[in-house]
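> please work out how this folds:
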Amino acid sequence: MRATRRAFLKTSALAGAGLVIQLEMLKTATGQAAGVFEPSAYVRITADNTVRLWITRSEMGQGVRTTLAMMLNEELEADWAQIQYEQAMPGGRFKGIRLRTSGSGSTVGTYAALRKAGATAREMLIAAAAEKWNVEPSACRAEQGTVIHIPSGQKYSYGELSEAAARQKVPWNPALKNPEDFRVIGKGRKRSDGAAIVTGQAIFGLDVQVPRILYSVMARCPYLGGKVASFDPSKALAVSGVRHVVPINSGIHAGVAVVADCTWAAIQGREALHVEWDPGPNADFDSDRFVKQWKTRSPSPRMDISFEVMVTRPRRSSQQRKS
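Residues are numbered from 1 along each chain as shown. The predicted structure follows:
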């Protein structure tokens with residue numbers, strides 16, 4: 001079954017996972033430059049045979065730029081050597097797409113969407129090649145950044161197909177691989193950004209320097225669910241370099257941010273800041289009491305959860321036990 005690109009954008013859902021593909025995740029063909037194939041917000045294939053993948057999670061030591069690329073490429077079947085990655089930035093093509101990294105959810109939170117995005121691009125590339133050869137798509141397969149006509153062995157690179165692929169209809173429900181056939185997911189692979197990180201070439205947030213940049217630190221409410229009752233910014237503003245003192249009422253913890261010319265000034269400003277807190281509903285919370293109540297209410301010893309720090313002794317060998 002085939003559908004128009006617009007219909008796909010409005011109604012597409014991933015069966016079994018309950019994951020609705022957001023409208024902003026997929027782009028229409030309108031306005032695409034010649035030789036540019038952008039079937040989704042995640043991927044762009046250009047006539048020079050470059051496959052660019054946008055990484056929608058932050059690198060925090062977990063190798064996400066490699067992991068997310070692997071998940072998409074499992075279905076896309078691009079040549080790993082031709083893939084370039086770029087960090088996704090808020091707004092623009094990613095408006096409405098979650099970009100934050102939290103809760104160890106980078107992989108599980110993008111797994112279904114990235115695989116479907118890769119499969120969508122693959123089927124459109126195959127359809128473009130089949131159209132050029134005037135054959136059925138079933139007579140073609142994608143492999144290592146090319147589409148191959150199985151009977152004749154003829155090939156087109158993804159770059160050669162980019163413009164024609166951009167004109168194809170979006171498949172209604174692209175076929176996903178059986179996990180038993182995975183060739184990328186679950187296999188060892190060197191990190192895409194490993195060399196840049198260990199040689200100091202990678203750029204991190206702390207490396208960014210722009211004119212008149214300011215730094216901030218935050219005094220956070222010590223009570224979960226609490227908020228700022230009042231604060232006196234005068235002593236903080238008296239610290240050299242402090243520019244602003246601003247209440248923060250959004251997020252998990254409310255608080256007051258001190259903004260300054262440098263981190264040290266911001267920290268000193270926070271130390272000088274006086275805040276009166278409204279504890280909210282958890283004013284009487286006590287950790288020790290909570291643990292005791294949890295253990296008492298546990299329906300069985302097997303469900304008892306201990307919050308104590310456990311020290312694991314090294315296991316002795318059989319020879320050591322005998323001695």
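> give me the number of residues near Ser234?
By the measure other CB atoms under 10 Å, the count of residues near Ser234 is 11. Placement of C-beta: from N, CA and C, glycine included.
> ok, Arg122 next?
Neighbours of Arg122 using other CB under 10 Å come to 24.
> then Val108?
Each residue near Val108 was counted by other CB under 10 Å, and the total is 9.
> quick one: pLDDT of it?
pLDDT for Val108: 91.
> and for Gly255?
Gly255 is given a pLDDT of 95.
> please apply the same query to Val36.
88.
> what's it in contact with, if anything?
Residues in contact with Val36 (CB atoms under 8 Å, 6 or more residues apart in numbering) are 44-47, 162-163, 166.
> looking at these, which is nearest Ile252?
Set against Ile252, the nearest of the contacts of Val36 by CB to CB is Arg44 (35.1 Å).
> in this structure that closest one contacts Leu76, no?
No: if you go by CB atoms under 8 Å, Arg44 and Leu76 don't touch, sitting 11.8 Å apart.
> quick one, which of those two is more surrounded?
The neighbour comparison of Arg44 against Leu76 (other CB under 10 Å) goes to Leu76, with 28 against 22.
> tally of neighbours for the residue lying closest to Val135 once chain neighbours are set aside?
For Val135, ignoring the flanking residues on the chain, the nearest one in space by CB to CB, 6 or more residues apart in numbering is His149 at 6.5 Å. Using other CB under 10 Å, His149 has 17 other residues around it.
> kindly provide the distance from the residue sitting nearest the centre point of the chain to Ser102.
Nearest residue to the geometric centre of the chain (CA atoms, centre = their mean): Arg57, 2.4 Å. For Arg57, the distance to Ser102 (CB to CB, to the nearest Å) stands at 9 Å.
> what touches both of the two?
In contact with both Arg57 and Ser102: no residue, using CB under 8 Å, 6+ apart.
> against which helices or strands is the helix or strand hosting Val108 packed?
Under the criterion of DSSP states H and E, Val108 resides in helix 106-133. Using 3 or more CB pairs under 8 Å, 6 or more residues apart in numbering; DSSP states H and E as the contact test, the elements touching helix 106-133 are strand 13-14, strand 36-40, strand 43-46, helix 64-76, strand 140-143, strand 146-149, strand 155-157, helix 158-166.
> the same query, at a cut-off of 6 Å, please.
Applying 3 or more CB pairs under 6 Å, 6 or more residues apart in numbering; DSSP states H and E, one finds that helix 106-133 makes contact with strand 36-40, helix 64-76, strand 140-143, strand 146-149, helix 158-166.
> quick one: closest of these to Lys95.
strand 36-40 (13.8 Å).
> quick one: work out the angle between that closest one and helix 64-76.
100 degrees (axes from the mean of the first three to the mean of the last three CA atoms, to 10 degrees).
> format the CA atom coordinates belonging to strand 36-40 as PDB.
C-alpha atoms of strand 36-40 as PDB (Å, rounded to 0.1, in the frame of the first residue of the first chain):
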ATOM      1  CA  VAL A  36      19.200  16.300  -1.900                       C
ATOM      2  CA  PHE A  37      17.200  13.500  -0.400                       C
ATOM      3  CA  GLU A  38      15.800  14.300   3.100                       C
ATOM      4  CA  PRO A  39      13.100  11.700   3.900                       C
ATOM      5  CA  SER A  40      13.200  12.600   7.700                       C
END
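> am I right that Ile185 falls within a strand?
No: under DSSP: H, G, I helix; E, B strand; the rest coil, Ile185 sits outside any strand and is assigned coil.
> what is the burial count for it?
17.
> gap between it and Ala121?
Distance from Ile185 to Ala121, by CB to CB: 17 Å.
> same check, this time on Phe290
50 Å.
> quick one on the thing from earlier: do you know which of the helices and strands packed on helix 106-133 lies nearest Cys262?
Closest among the helices and strands packed on helix 106-133, using CB to CB: helix 64-76, at 30.1 Å.
> ok, back up a step: and Phe290 and Ala121? Which one has more around it.
Comparing Phe290 with Ala121 by other CB under 10 Å, the one with more neighbours is Ala121, at 30 against 11.
> how about Ala165, nearest residue that isn't a chain neighbour?
Ala128 (4.2 Å).
> spit out the contact partners of that neighbour.
161, 164-165, 168 (CB atoms under 6 Å, 6 or more residues apart in numbering).
> let's see that with 10 Å instead.
Counting by CB atoms under 10 Å, 6 or more residues apart in numbering, Ala128 touches 37, 137, 140, 147, 156, 158, 160-168.
> out of those residues, which is most surrounded?
Tyr158 (29 neighbours).
> what's the burial count for the spatially closest residue to Tyr223 that is not a sequence neighbour?
Distances taken as CB to CB, 6+ apart place Pro279 nearest to Tyr223, at 4.3 Å, with adjacent residues excluded. By other CB under 10 Å, 16 other residues sit near Pro279.
> would CSV of the contacts of Val36 with pLDDT and distance to Ala272 be doable?
Output for the contacts of Val36, formatted as CSV (pLDDT from 0 to 100; distance: CB to CB, whole Å):
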residue, pLDDT, distance to Ala272
Arg44, 95, 50
Ile45, 96, 55
Thr46, 95, 54
Ala47, 94, 59
Ser162, 95, 58
Glu163, 95, 62
Ala166, 95, 58
